[in-house]
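Let's see this in three dimensions:
(chains A and B)
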Amino acid sequence: MLVVVVVTTIYYRLTTTVCAINMTSEEYRIQFGNVNMGGKKMTDPVDSTYSLSSTLGQTAAKQFESTGYIVKAGFQYIYSTIPFTFSVSNIRADLGTLMPSTPATSTINLTVSFGGAGQYIVTAAETAPLTNFTDQYIENTACDGGVNTCTATLAKTWTSVSAYGFGYNMQGEDIPADFIDPTYYRPFADLTVPENPAPVMQSVNVTQNLTPTPNPSLTPAPALTGVPRDITHTSTMTFKANISPLQSAGSYTTVIHFVATPSF
Amino acid sequence: MKKIIILLSSAIIVLLFYLQLTTNDIYAQQVTLSISPPIVETLIKPGKSILIGYTIQNLGDPTPIRIQVRPFTPQGEFGEMTIESEQTSPVNFSLDNTDMEFEKPFLMRQKDIRQALLRIRVPDTIPQGDYYFIVLATTDPLSQTAGGTSSFAKATIGSTLLMTVSQSGFVEMKGRIALFDFIPSFTIQLFGKRYRIVESGSDIPVRLVIQNQGKNLIKPHGEIVLRGGLGSKSAYTLLPQNVLADSQRLIHTDQKKNTSTLYTHVITGYHLGTYSLTTNVNFGENSPQLFSSTEFIAIPIRFTVLLSAVILISILIVVLMKKRKAD
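Have a look, this model is predicted:
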């Protein structure tokens, strides 16, 4: 009997689950967010999202009194192990050798991935207009002009070959509503003015399908149906430059600064 | 003849050398950065210091990365922000890593994962209140010497850091409902009263904006309730999104279909009759319960117009036929 008790005790002692949450030493203390063991699964058949239990109330107050701080990492109402990720498909958009009144275009893809549902914003701005080595520059586009005069925050049509400048169009997911079709362009916000960077992608539900479809079932089935949940949102940015016959020849360059931030 | 061949061969070799030396190699270099955690909220006493680990991963091509911390202020009501160009806050930041410094680039190879150990020191003398920062990881753009006209990309990924400095741990929860409304199909004025009409089958976009009048961020808790004349009731839970100090924000419900940043909730389905739309909001324990409501009448306008047109045409046809018969 004693042997059984001792063996059982040793067994439970050895198999006790150890849950490491925070790493501490005399020098540092790192608190990890999104403690998976604290997650609570919601009965959501669409995408099986999770929510974390709140850490408010007396627990937080006691913690604050004893240590002098409370840290909460990650969105408290979203469970996710997918980090916030931002991708630019090509860091150089090559417009080639510009010919007068012959628009040149080049495209890149912007992709955002974010676990669960969370708001994010991607902004874009140029560090300066397209400039050559002799400091001559290509003006930012005003699009076709007149009623079709675009600004850094309002896209308008740019189809005329006699309308010169440099600008961009957005197509794809989470883009601003003013990019109605591929003929709509905006100039970049110019940081030398300075102008505020303009949002080019924005969503409140990053990894949700726009038309939600169920995940494939994990239980074996004759055939998997439905579409796997979309975990990325992608848009295409088209750069366009069109120069006048009076524009000096040469290589013009600029840097577009993309800033991707999850919202607060 | 032999001389000409030698000369031509030499010229071709020199030309090939020249072309080889002056050709620009163009690569489709990709940038893919990830950062975790995406947001950190902290309540901290003056004089305290904390350390937070940010995991940065390079899933694209090798690139130099710079780590920066910048204050930001909320802008508008859709969760946008203005990032300051300099770190001007009284809160002190440093990196505990031995191989990483603020503003100085370090190379991240493909699939590299680095942890930036951000040390935050809150001075003893700092005024109590909220301080908002963003931790940024920025790539260095390529050398701009490539031939032709090009636009180069510089990518930055950020993680928000919301800091409430309080000596006692108590925070100010002072907010109000700045806007609670929906977009009707049209409005009519009848006997001095305004009626808001909604097409029965159409979507009804609802907007709820919370204004923070205090010095600390608040999180709204509550719901939006739709009640119909026949006793029907639907409730939509609000997401506890942060409303930062001295700002306002459009709050969303947990509706997954709504991807619009412009609307709190989009009511779908077929509605008929009088409906009331109410919201109850509080900001946590011991905060007052805020209430707002509005009403609308749902009518099948298109169906009614179509039916009226059919009846009118039918009556017209019958009248015309009777008239012909009489003639």
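
can we go C-alpha only for contacts and neighbour counts from here?
OK.

now the strands for the stretch 151-300 of chain B?
In the stretch 151-300 of chain B, the segments counted as strands under DSSP state E, counting those that start in this stretch are B:175-182, B:186-190, B:193-199, B:204-212, B:221-228, B:233-237, B:248-250, B:265-267, B:273-282, B:290-299.

what residues does the stretch 151-300 of chain B put near chain A?
Counting by C-alpha under 8 Å from any C-alpha of the partner chain, the positions of the stretch 151-300 of chain B adjacent to chain A are B:151-160, B:169, B:239-242, B:256-261, B:285.

7 Å instead, please
Counting by C-alpha under 7 Å from any C-alpha of the partner chain, the residues of the stretch 151-300 of chain B lying close to chain A are B:151-160, B:169, B:242, B:257, B:259-261.

Could you tell me which of those count as buried?
For these, a burial check counting by 16 or more other C-alpha atoms under 10 Å in any protein chain shown picks out B:151-160, B:169, B:242, B:259-261.

Distance check, A:F133 against chain B.
Distance of A:F133 to chain B, given as C-alpha to the nearest C-alpha, to the nearest Å: 10 Å.

And for that residue, the neighbour number?
11 (other C-alpha atoms under 10 Å in any protein chain shown).

what helix or strand does it sit in?
Here A:F133, judged by DSSP states H and E, is contained in no helix and no strand.

and the longest helix for chain B?
In chain B, ranked by residue count with DSSP state H as the criterion, the top helix is helix B:301-326.

Could you give the average pLDDT over it?
For helix B:301-326, mean pLDDT is 90.

just stretch A:131-143 next, same as before
What stretch A:131-143 shows for mean pLDDT is 91.

in that stretch, what counts as buried?
Counting neighbours by 16+ other C-alpha under 10 Å, stretch A:131-143 gives A:131-132, A:137-143 as buried.

and if you look at stretch A:146-162?
Applying 16+ other C-alpha under 10 Å to stretch A:146-162 flags A:148-158, A:162 as buried.

could I get these as JSON lines with distance to chain B?
Below are those laid out as JSON lines (distance: C-alpha to the nearest C-alpha, whole Å):
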{"residue": "A:N148", "distance to chain B": "25"}
{"residue": "A:T149", "distance to chain B": "23"}
{"residue": "A:C150", "distance to chain B": "20"}
{"residue": "A:T151", "distance to chain B": "19"}
{"residue": "A:A152", "distance to chain B": "16"}
{"residue": "A:T153", "distance to chain B": "14"}
{"residue": "A:L154", "distance to chain B": "17"}
{"residue": "A:A155", "distance to chain B": "18"}
{"residue": "A:K156", "distance to chain B": "21"}
{"residue": "A:T157", "distance to chain B": "21"}
{"residue": "A:W158", "distance to chain B": "19"}
{"residue": "A:S162", "distance to chain B": "19"}
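
B:L306: neighbouring residues, count only.
For B:L306, the count of nearby residues is 12 (other C-alpha under 10 Å).

cool, the one 5 residues further on as well?
Here the count is done by other C-alpha under 10 Å, and B:I311 has 12 residues near it.

strand partners of the strand or helix carrying A:H233, parallel vs antiparallel please.
Using DSSP H and E, A:H233 sits in strand A:232-242. Applying DSSP bridges to the sheet, strand A:232-242 is found paired with strand A:104-113 (antiparallel), strand A:165-172 (antiparallel).

quick check: mean pLDDT across that strand?
For strand A:232-242, the mean per-residue pLDDT is 93.

Remind me what the helix or strand just after that strand packs against, helices and strands.
Counting by DSSP H and E, the next helix or strand C-terminal to strand A:232-242 is strand A:253-262. If contacts are counted by 3 or more C-alpha pairs under 7 Å, 6 or more residues apart in numbering or on different chains; DSSP states H and E, strand A:253-262 sits against strand A:120-126, strand A:130-131, strand B:149-165.

Now do strand A:253-262 and strand B:149-165, the angle between them.
Strand A:253-262 runs at 30 degrees relative to strand B:149-165, counting by axes from the mean of the first three to the mean of the last three C-alpha atoms, to 10 degrees.

Could you check the angle strand A:253-262 makes with strand A:120-126?
Going by the same axes, to 10 degrees, strand A:253-262 makes 160 degrees with strand A:120-126.

ok, and what's touching strand A:253-262?
Outside strand A:253-262, the residues that touch it by C-alpha atoms under 7 Å, 6 or more residues apart in numbering or on different chains are A:86, A:119-132, B:38, B:144, B:149-159.

Same question for stretch A:146-155.
A:142-143, A:156-157, A:178-179, A:184-189, A:198.

Between the two ends of it, how far is it?
Terminal residues of stretch A:146-155 lie 13 Å apart, using C-alpha to C-alpha, to the nearest Å.

just stretch A:134-152 next, same as before
For stretch A:134-152, the first-to-last residue distance is 26 Å (C-alpha to C-alpha).

With stretch A:132-141 instead?
17 Å.

Just tell me which of the strands of the stretch 151-300 of chain B ends up closest to B:S49.
strand B:204-212 (27.6 Å; C-alpha to C-alpha).

what helices or strands is the closest one leaning on?
strand B:175-182, strand B:248-250, strand B:265-267.

And the longest one, what does it pack against?
Helices and strands touching strand B:175-182, by 3+ C-alpha pairs under 7 Å, 6+ apart, are strand B:204-212.

mind listing what the strand it packs on pairs with, with the direction of each?
By DSSP bridges, strand B:204-212 pairs with strand B:175-182 (antiparallel), strand B:248-250 (antiparallel), strand B:265-267 (antiparallel).

between the ones you listed, which one is nearest to A:G96?
Of all the strands paired with strand B:204-212, strand B:248-250 sits nearest to A:G96, with 43.8 Å by C-alpha to C-alpha.
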